[in-house]
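Chemist: Okay, structure incoming, though there's no sequence with it:
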């Protein structure tokens, strides 16, 4: 359980810091295409999605620890392509280059926290 606490706190905090630097401070409009319109990405979705990513990664690691001979290695092998695939969302749905860059950075920051936080011993 202690292994979860650091990423559970750090991932949303890091994502929220990126959002705060990019949106209110730098003035980036963080919007994505949603259906027929656009939706602004605020701090609540940033925190919620980062928490969901931590929980999903943690659940996968628990499953692998019970079934795989080298669970951390297998988890990392799975996590890296999942992180790469997750970048398609912001690249495909962001409204503008600035929004795309910030959204990609959000994905990479949360991914880095997960990779460093969940696979360490």
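Modeler: It's in. Given the structure is predicted, the values throughout are model-derived calculations rather than measurements. Residues are numbered from 1 along each chain as shown.

Chemist: pLDDT (mean, whole number) over stretch 71-86?
Modeler: Average pLDDT, stretch 71-86: 95.

Chemist: For it, what is the distance to the chain centroid?
Modeler: 13 Å (CA atoms, centre = their mean, to the nearest Å).

Chemist: And stretch 38-48, by the same measure?
Modeler: For stretch 38-48, the distance to the chain centre is 13 Å (CA atoms, centre = their mean).

Chemist: The protein: helices as residue ranges?
Modeler: With helices called from DSSP state H, the chain shows them at 2-20, 43-67, 71-86, 88-93, 97-118.

Chemist: Check these for me and report the most buried one.
Modeler: Highest mean neighbour count among the helices of the chain (mean count of other CB atoms under 10 Å): helix 97-118, with a mean of 19. Glycine gets a C-beta too; all of them are placed from N, C-alpha and C.

Chemist: just checking, what packs against that helix?
Modeler: For helix 97-118, the contact count by 3 or more CB pairs under 8 Å, 6 or more residues apart in numbering; DSSP states H and E identifies helix 2-20, strand 31-34, helix 43-67, helix 71-86, helix 88-93 as packing neighbours.

Chemist: Indicate which one of those is closest to residue 101.
Modeler: The closest of the helices and strands packed on helix 97-118 to residue 101 is helix 88-93. By CB to CB, the value is 8.7 Å.

Chemist: hmm, who's touching the closest one?
Modeler: 32, 33, 34, 99, 100, 103, 104, 106, 107 (CB atoms under 8 Å, 6 or more residues apart in numbering).

Chemist: do stretch 55-64 as well
Modeler: Stretch 55-64 has contacts (CB under 8 Å, 6+ apart) with 3-4, 7-8, 71-72, 74-75, 78-79, 114, 118-119.
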